[in-house]
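Participant: need a structure here:
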Amino acid sequence: MKSRTLLYFILVIIFFLFNFYYRPVKGNPLMDEEYKKSSNYINNLYVSDEFFKKNLISPECYVIYDRFISDVKSGLSKGKISYDKSCFGIFSIVYESIYLDHPEFIAFQSARGKSYEEHSEITYAHLNTLQTYFGTRRIEREIDIIKRETKNMSDKEKIIFVYNYVASHNYDKLFTAAKSNQSAYSFFTGGSSVCAGFAKASQILLQNVGINSMLALDSQHMWNYVEYDKKWYIFDATYGSSFRDKSSKYYYEGLGDTTTGVIDHYFPELYPKIEETTLKSLFDLK
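Facilitator: Predicted coordinates for the structure are as follows:
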């Protein structure tokens, strides 16, 4: 009897590990070997063009951006980054660029830096190696399920599907100082997050199902813009999570104009023109 119970227990563990962590998946359709060899690569969840790095940071200051990522990936808790004098005071721009360029960077939780004339001293908070390893694989398999469910959908249906999926998660009202609830990791593995986690998860999912999108950030909020029929619209699934009930007349306001004119996001000159007509209206969502 004991041996049978033990065997059953082992089989359950094997099934759990296979289904959630080792089941084969096709992966992001944009991911290729050339990208994996590039400095842009962090994991298989997302392909970044590092748009904000290229448009906000001068090439001589790339070393701060690259070392920032390298330090976290290496598990360092503190880093000292030397750079050209012209890069003095650029830490916040680097931080925000990484935040916008790499929603898949689940190991990164937060960082504090002090800039001096020729170097920055940075203290990092991040996931440990095991959390990052298993977290990435768990997210890959969740994305794979969503890709299969949306495979034959139109772009309109995909956008609504991702919105509903993200909005179905809990909004974490505890805004932690360590920012442990502001990543795609907290969203996918913990089932709850704040706006940054919702936006990053949305960004990863939208790319994986074939919808072009961008992350937007300001001092209080983070959301997305999506491209539909060659035009750009607001996508703010955090708003939907506040209601959860699709029958609420406010549920789809996150596909409306809840952000435009209320919050002025960072770096507006880098974004495409956002349509005044909302997706809620265009898709006739009540």
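Participant: in this protein, what secondary structure element scores lowest on mean pLDDT?
Facilitator: strand 170-171 (a mean of 72; mean pLDDT, DSSP states H and E).
Participant: Please list all residues in contact with the most centrally placed residue in the chain.
Facilitator: Geometric centre of the chain, nearest residue: Lys200, 2.2 Å, by CA atoms, centre = their mean. Residues near Lys200 by CB atoms under 8 Å, 6 or more residues apart in numbering: Pro103, Glu104, Ser183, Ala184, Phe187, Leu215, Met222. No exception for glycine: its C-beta is placed from N, CA and C like everyone else's.
Participant: cool, and Ile64?
Facilitator: Ile57, Ile81, Tyr83, Cys87, Ile90, Phe91, Val94, Ser120.
Participant: so can I have JSON lines of those residues showing pLDDT and secondary structure?
Facilitator: What follows is these, written out as JSON lines (pLDDT from 0 to 100; DSSP: H, G, I helix; E, B strand; the rest coil):
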{"residue": "Ile57", "pLDDT": "96", "secondary structure": "coil"}
{"residue": "Ile81", "pLDDT": "91", "secondary structure": "strand"}
{"residue": "Tyr83", "pLDDT": "90", "secondary structure": "coil"}
{"residue": "Cys87", "pLDDT": "92", "secondary structure": "helix"}
{"residue": "Ile90", "pLDDT": "90", "secondary structure": "coil"}
{"residue": "Phe91", "pLDDT": "90", "secondary structure": "helix"}
{"residue": "Val94", "pLDDT": "94", "secondary structure": "helix"}
{"residue": "Ser120", "pLDDT": "89", "secondary structure": "strand"}
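Participant: of those, closest to Ala196?
Facilitator: Nearest to Ala196, judged by CB to CB, of the contacts of Ile64 is Val94 at 17.0 Å.
Participant: how many neighbours does the closest one have?
Facilitator: Per other CB atoms under 10 Å, the neighbour tally for Val94 reads 28.
Participant: same deal with Leu76?
Facilitator: By other CB under 10 Å, neighbour count at Leu76 equals 15.
Participant: Now do the residue lying closest to it once chain neighbours are set aside against Lys78, distance only.
Facilitator: Nearest non-adjacent residue to Leu76, counting by CB to CB, 6 or more residues apart in numbering: Tyr124, 6.5 Å away. Tyr124 sits 7 Å away from Lys78, going by CB to CB, to the nearest Å.
Participant: So which of these two has more stuff around it?
Facilitator: Tyr124 (20 against 9).
Participant: Touching the one helix or strand the more buried one maps to from outside, list them.
Facilitator: Assigned by DSSP states H and E, Tyr124 falls within strand 119-126. Applying CB under 8 Å, 6+ apart, the contact partners of strand 119-126 are 64, 68, 71-72, 75-83, 91, 107-114, 132, 178-179.
Participant: Which ones among those residues lie within helices?
Facilitator: Using DSSP state H, Ile64, Phe68, Asp71, Val72, Phe91, Thr132 are the members of those that sit in helices.
Participant: In these, find the pair that's most separated.
Facilitator: The most widely separated members of these, counting by CB to CB, are Phe91 and Thr132 (23.4 Å).
Participant: quick one on the thing from earlier: residues of the strand holding Tyr124 that come out buried?
Facilitator: By neighbour count with 16 or more other CB atoms under 10 Å, strand 119-126 contains the buried residues His119, Ser120, Ile122, Tyr124, His126.
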